[in-house]
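Asker: Return atomic coordinates for the entry below.
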Amino acid sequence: MGQIIIERGFWQKYRDVMPIGAGALYLMQMFSILSFSVLYSTLILYTTKSLHMSDIVATSITGSFLALNYFLHLIGGYIGGRYLSYRSLFVISMLCEVIGCAFIAIPNVSFLFWGLALFLTGCGLNITCINCLLTQLFKPDDKNREASFLWNYSGQNIGFFVGFIIAGYFDLHQAYQKLFLLSALGNIAAIVITLCNWNTLRDRGTRFVDLTKAKQVSARLIGIGAAIAVIFALRNILQSTAFCNQLILVVTIIMFWLVILLAFKQPVRMERNKILAYSILALGAIIFWTLILIGPMGLNLFIERNVDRHFLNVMLAPQWVLNMSNFVTIIGAPILSVVFTRLRSRGINITIPLQFSVGLLLIGISFVILPIGIHFANAQGYSNVNWVLASYTVQSVGDLFVSPIGYALVGQLAPPNLRGMMMGTWLMFGGVTGVLADYFSKMALGGTDSVNPLITNLSYSQTFFNVGASAIIAGMVLLICTPIIAKMTQERKSLSERIA
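Answerer: The predicted model follows:
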């Protein structure tokens, strides 16, 4: 590894492949994710400890929040580049999140729902914007896109890392109002960065830029009106989590079959195979993200109540334990991008299906580790925090092989005219994982209201083992099918062309 890093001229060559604008998007990603990281890690704790909701209700609200966050990316993919430029839509999304944080900071259930509706609207719009802005900087077959997404994913996890540290500190002091207001500063910083790089971040090849000036004005009004309508719709949906989950399941199934239908309508066989490969990999990603999203729900309550969180004589907040995954990702993402770039320069192709297989195997192993820790719990039923830290370390390594690669996958496999829709659909698939994670988290809680680890450890152990084993099996199946899927994605062809 040392030879790779210090080789003369390598870093200069690596910097040269990053287009202008990638650095600004890196910073936008890092700051914009700060407030989301706070809610991601703290919402279930805030609703149970400050608003005094039951575990089941709090888990349902958190599950709906996470599910809708991903589900709404489809709306961002539809509005962005069609009714508003990606850069304008990103600024609007950040303003929604700032106002949402202010509402959530008011310790009242009604304000909580309004705040979540505003915040989720911002979340639904902004991630697709950043990913599409980054994707359009590269040509469709440019493998450097993957390296850029890995760097961006590292920036995202820096935001998560800082957000988790801040959230943990204020959680220990029960100062949630200050926490939510402080987190909004990251959104304001993202707005400033966007405005400073306004010309660099202009849309390229989207429907919006091809409109006349008059039609752009009309399109903007439609886009802004749609965002306002989403806010009011979410305010009502959030109060009925059962309906919310059913809606997400139905729409996800419809969109999945729509993608397959679009694949068979492609006149070129290569494009059809790529979209079908996209659908297969989406199923693997759904399994993977379901396990990831158990973290801020059932696993977070497990850490809060069933784990001895003393580490080096310091009481760790649950958010700080979650930060192990961010720490590994921040360091690992740039290293992995360098390694992949180096391997490909030598003609060694690391295919996307292979990376997904490794990710599924690793996250399955990370969950199987937890029942081992429960087995060795102390007399009071508390597991050693080192087992959880080990689990998150393995999980975060697996995450490097799936999450950032998934974003780059859309740019590689989606036809240009379907890229925005398929990017939004890919992120929307994460919505159904929030629903599934909600289900498994409630299963882990068991049928008791007790918080005694001696009583709840059994249900946690069984659930963690079952979901972990399922991911390992899925990873092995995908690994066996890797040669077929790689052929569908044309990655082998790309490798032979580079060698020739």
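Asker: in which helix or strand would I find G225?
Answerer: In the assignment (DSSP states H and E), G225 maps to helix 213-237.
Asker: confidence score at the residue nearest to the spatial centre of the chain?
Answerer: The residue lying closest to the centre of the chain (Cα atoms, centre = their mean) is S403, at 6.8 Å. You'll see S403 listed with a pLDDT of 76.
Asker: check contacts around it.
Answerer: 153, 289 (Cβ atoms under 8 Å, 6 or more residues apart in numbering). Bear in mind the C-beta positions are built from the backbone N, C-alpha and C, glycine included.
Asker: quick one: it from F149, how far?
Answerer: 9 Å (Cβ to Cβ, to the nearest Å).
Asker: got the contact list for stretch 384-397?
Answerer: In contact with stretch 384-397 (Cβ under 8 Å, 6+ apart) are residues 291-292, 303, 307-311, 316, 321-322, 324-329, 332, 362-363, 365-367, 369-370, 372-373, 376-378.
Asker: Can you give the distance from the stretch of helix or strand L95 belongs to to the centre of its chain?
Answerer: Element membership for L95 (DSSP H and E) is helix 86-104. Its chain's C-alpha centre and that of helix 86-104 lie 18 Å apart, by Cα atoms, centre = their mean, to the nearest Å.
Asker: Now S148: closest residue in space that isn't a chain neighbour?
Answerer: A22 (5.3 Å; Cβ to Cβ, 6 or more residues apart in numbering).
Asker: out of the contacts of stretch 384-397, which are inside strands?
Answerer: Of the contacts of stretch 384-397, the ones assigned to strands by DSSP state E are 307-308, 310-311.
Asker: returning to that earlier point: what packs against the helix holding G225?
Answerer: helix 55-71, helix 73-79, helix 86-104, helix 109-135, helix 241-264 (3 or more Cβ pairs under 8 Å, 6 or more residues apart in numbering; DSSP states H and E).
Asker: mind putting these in CSV, distance to N466 and mean neighbour count included?
Answerer: Converted to CSV, the helices and strands packed on helix 213-237 look like this (distance: least, Cβ to Cβ, whole Å; neighbours: other Cβ atoms under 10 Å):
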stretch, distance to N466, mean neighbour count
helix 55-71, 18, 24
helix 73-79, 29, 25
helix 86-104, 34, 23
helix 109-135, 30, 25
helix 241-264, 20, 16
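Asker: rank the ones you listed by pLDDT, which is bottom?
Answerer: Between the helices and strands packed on helix 213-237, the one with the least mean pLDDT is helix 73-79; it has a mean of 77.
Asker: what packs against that one?
Answerer: Using 3+ Cβ pairs under 8 Å, 6+ apart: helix 73-79 touches helix 86-104, helix 109-135, helix 213-237, helix 419-445.
Asker: circling back to that earlier point, reformat the ones in strands among the contacts of stretch 384-397 as JSON lines; add distance to S64 and neighbour count.
Answerer: Below are the ones in strands among the contacts of stretch 384-397 laid out as JSON lines (distance: Cβ to Cβ, whole Å; neighbours: other Cβ atoms under 10 Å):
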{"residue": "V307", "distance to S64": "26", "neighbour count": "26"}
{"residue": "D308", "distance to S64": "31", "neighbour count": "18"}
{"residue": "H310", "distance to S64": "33", "neighbour count": "12"}
{"residue": "F311", "distance to S64": "32", "neighbour count": "14"}
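Asker: and which of those is nearest to W257?
Answerer: V307 (41.5 Å; Cβ to Cβ).
Asker: From V388, how far off is the closest one?
Answerer: Counting by Cβ to Cβ, the gap from V307 to V388 is 6 Å.
Asker: Find residues that contact each of the two.
Answerer: V321.
Asker: Mind listing what's buried along stretch 177-197?
Answerer: 177, 179-180, 182-184, 186-187, 189-191, 193-194, 197 (16 or more other Cβ atoms under 10 Å).
Asker: Pull the distance from it to the chain's centre.
Answerer: 19 Å.
Asker: Identify the residues contacting that stretch?
Answerer: With Cβ under 8 Å, 6+ apart as the contact definition, stretch 177-197 has outside contacts at 21, 24, 27-28, 31-35, 37-39, 42, 87, 90-91, 94-95, 97-98, 101-102, 104-107, 122, 159, 163, 166-167, 170-171, 201.
Asker: Check stretch 121-131 too.
Answerer: By Cβ under 8 Å, 6+ apart, stretch 121-131 touches 25, 28-29, 32, 36, 68-69, 71-73, 75-77, 79-80, 86-87, 89-90, 92-97, 100, 149, 152, 187, 227, 230-231, 234, 407, 410, 420, 423-424, 427.
Asker: mind running it again at 6 Å?
Answerer: Here stretch 121-131 makes contact (Cβ atoms under 6 Å, 6 or more residues apart in numbering) with 25, 29, 32, 69, 72-73, 75-77, 80, 86, 89-90, 93, 96-97, 230-231, 407, 423-424.
Asker: Look at W426 and say how many residues are nearby.
Answerer: By the criterion of other Cβ atoms under 10 Å, W426 has 27 neighbours.
Asker: From L409, how far out is it?
Answerer: W426 is 8 Å from L409, by Cβ to Cβ.
Asker: same thing with R346?
Answerer: Note on R346: its distance to L409, by Cβ to Cβ, is 22 Å.
Asker: Compare neighbour counts for the two and give me the winner.
Answerer: Between R346 and L409, counting by other Cβ under 10 Å, L409 is the more crowded of the two (28 against 7).
Asker: what residues are up against the more buried one?
Answerer: Applying Cβ under 6 Å, 6+ apart, the residues contacting L409 are I352.
Asker: so it is in which element?
Answerer: Per DSSP H and E: helix 403-413 holds L409.
Asker: ok, now which ones touch L27?
Answerer: Going by Cβ under 6 Å, 6+ apart, L27 touches I193.
Asker: Is it correct that it falls within a helix?
Answerer: Yes - with DSSP: H, G, I helix; E, B strand; the rest coil as the criterion, L27 is located in a helix.
Asker: Quick check: it vs L137, distance?
Answerer: From L27 to L137 the distance is 15 Å (Cβ to Cβ).
Asker: Same question for S337.
Answerer: Distance of S337 to L137, computed by Cβ to Cβ: 15 Å.
Asker: same question, F440
Answerer: For F440, the distance to L137 - Cβ to Cβ - is 38 Å.
Asker: Now do the same contact list for the residue nearest to V368 when sequence neighbours are not counted.
Answerer: Leaving aside its sequence neighbours, V368 sits nearest to G468 (Cβ to Cβ, 6+ apart; 4.0 Å). By Cβ under 6 Å, 6+ apart, G468 lies in contact with 364, 367-368.
Asker: Work out for me the element G468 sits within.
Answerer: Assigned by DSSP H and E, G468 falls within helix 453-480.
Asker: again, but for G205
Answerer: For G205, there is no host helix or strand (DSSP H and E).
Asker: Mind pulling up the pLDDT for L360?
Answerer: Predicted confidence (pLDDT) at L360: the value is 95.
Asker: do the same with F10
Answerer: 39.
Asker: likewise I4?
Answerer: Per-residue pLDDT puts I4 at 39.
Asker: What is the neighbour count of the nearest residue to L316 once chain neighbours are set aside?
Answerer: Leaving aside its sequence neighbours, L316 sits nearest to R309 (Cβ to Cβ, 6+ apart; 4.4 Å). By the criterion of other Cβ under 10 Å, R309 has 18 neighbours.
Asker: pretty sure R309 contacts P318?
Answerer: No - assessed by Cβ atoms under 6 Å, R309 is found out of contact with P318, at 7.5 Å.
Asker: Need the contacts of G468 in TSV (columns: neighbour count).
Answerer: Output for these, formatted as TSV (neighbours: other Cβ atoms under 10 Å):
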residue	neighbour count
G364	26
F367	24
V368	19
